[in-house]
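J.: what follows is a predicted structure for the sequence shown.
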Amino acid sequence: MEKHDSLDANKIINTGHSESRDSFGEVRAVNIRCISETGWFDNTILANDVAAAGGVRTSQYNIAYTNDNLGGYAALVEVEALDGEKTLYLLDSGWSTDWMDHAFAKAGVDRLLADQKIRTMVISHDHNDHFFGIESTLRHSRDLKLYFPSTAMPQSVALLDGADFSGTPGCPKNKFPHTGERIITEPDTLYTLQDGVALAFFDMPITLGVRGENVMYIKVQDKGYVIITGCGHPGILNIINYARTRLKDGEHLYGCYGGLHIDPFEQWGPGTDDILAGISRCGMKKIACNHCTGRLWAQKAIEAGLPIVKGSDAFLSYKRVATQAGDGSSNLYAGNGDMVSF
């Protein structure tokens, strides 16, 4: 088959029946470095850009964004297998290539890619702040093995192949076409990346023409499952419920990392308390939330006694700080440059 249509041979078809839950092994540990959780720097500017183009139903490729407001989300996931071997996975590639080149250099990701120490990349979804910066990754390594959503926009597939949309401000280009294996993730399928590491694709509408999101599930020996998200668009309670109902021993949840998409624009909604209560009942030991989770939610979660992993001041060494960080000294949750271990 063509690389764009290929499916990994090690996929597991989910039945959904509790008596035949999926099992994919265990790992010894997981360490996650936050390369960048700052999708953009000012909520108001982004909201105004989207509104001026027609609102959230507008294609993300038809919006003129304010260039100097753009950042991006990416994380480096290090998995230690039971035999001690360590494997690196890159989750997402951010938005602005200027910002992502800066963030990759600070985290050493540029060298890890160039030295072929990162061989697999997962695109959680093709939203601008997770995918438009793909050139920042492919300039260092074009032949990465890539897990990519089956519901990606046609323009996003074209971008991987070297398209240029930069005629619209804030929209991407890519001078380095992807040449590696491309696994197209489908619903109702669990993809094993290695023993103890799997990827599930959730199909649902999002915004700006984007649909669907990949979520990583890692089972850590003697601890339980760690969930890793880009944005958590499927809903964090749905993502948790998938583990509890579809994975063997899925009721044992140890922690999570990434965007939980609860309060991205810092506006507490009527259902937000319900999400807080639902997560509280899960018994997780570490909640390393950031990005679109919202600082307001993180603060209320801390007040409610949830085990939110606080950040350090590492993000202050980056060349810019988001206005959402208040006075620029907020380390409320895991931020740019922080490490989280599970």
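T.: Here it is on my side, so go on. Residues are numbered from 1 along each chain as shown.
J.: point out where this protein drops to low pLDDT.
T.: For the chain, the stretches with pLDDT under 70 are 1-19, 327-329.
J.: hmm, 80 instead?
T.: When residues are selected by pLDDT under 80, those of the chain lie in 1-20, 268-270, 326-330.
J.: where exactly do the strands run in the protein?
T.: Assigned by DSSP state E, the chain shows strands spanning 11-13, 29-36, 74-80, 86-91, 118-122, 145-149, 182-185, 189-194, 197-205, 211-220, 224-228, 253-259, 286-290, 339-341.
J.: mind putting the ones you listed into CSV with distance to Asp68 and mean neighbour count?
T.: (Each C-beta comes from the backbone N, C-alpha and C, glycine too.) Converted to CSV, these look like this (distance: least, C-beta to C-beta, whole Å; neighbours: other C-beta atoms under 10 Å):
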stretch, distance to Asp68, mean neighbour count
strand 11-13, 42, 13
strand 29-36, 16, 23
strand 74-80, 19, 23
strand 86-91, 25, 20
strand 118-122, 27, 22
strand 145-149, 29, 22
strand 182-185, 32, 22
strand 189-194, 36, 19
strand 197-205, 30, 20
strand 211-220, 28, 24
strand 224-228, 30, 25
strand 253-259, 22, 25
strand 286-290, 22, 25
strand 339-341, 28, 16
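J.: what are the phi and psi values for the residue positioned nearest the centre of the chain?
T.: Centroid check for the chain by C-alpha atoms, centre = their mean gives Gly230 as the closest residue, at 1.9 Å. For Gly230, the backbone dihedrals (degrees, to the nearest 10) come out as phi -90, psi -70.
J.: just to revisit the earlier point, for the strands of the chain, give me JSON lines that also has distance to Ser23.
T.: Formatted as JSON lines, these follow (distance: least, C-beta to C-beta, whole Å):
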{"stretch": "strand 11-13", "distance to Ser23": "9"}
{"stretch": "strand 29-36", "distance to Ser23": "18"}
{"stretch": "strand 74-80", "distance to Ser23": "17"}
{"stretch": "strand 86-91", "distance to Ser23": "20"}
{"stretch": "strand 118-122", "distance to Ser23": "21"}
{"stretch": "strand 145-149", "distance to Ser23": "20"}
{"stretch": "strand 182-185", "distance to Ser23": "19"}
{"stretch": "strand 189-194", "distance to Ser23": "10"}
{"stretch": "strand 197-205", "distance to Ser23": "10"}
{"stretch": "strand 211-220", "distance to Ser23": "9"}
{"stretch": "strand 224-228", "distance to Ser23": "12"}
{"stretch": "strand 253-259", "distance to Ser23": "16"}
{"stretch": "strand 286-290", "distance to Ser23": "23"}
{"stretch": "strand 339-341", "distance to Ser23": "24"}
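J.: for Trp99, find the nearest of those strands.
T.: Proximity to Trp99 (C-beta to C-beta) singles out strand 29-36 among the strands of the chain, at 7.0 Å.
J.: can you list contacts of the closest one?
T.: For strand 29-36, contacts defined as C-beta atoms under 8 Å, 6 or more residues apart in numbering pick out 71-80, 94, 99-100, 103-104, 106-107, 109, 218, 220, 226, 228, 257, 288, 290, 318, 334-342.
J.: for Thr66, find the nearest of the strands of the chain.
T.: strand 29-36 (17.9 Å).
J.: the closest one pairs with which strands, and in what direction?
T.: Under the criterion DSSP bridges, strand 29-36 sits next to strand 74-80 (antiparallel), strand 339-341 (antiparallel) in its sheet.
J.: how about residues contacting the shortest one?
T.: I take that to be strand 339-341. 29-34, 257, 286, 288, 309, 334.
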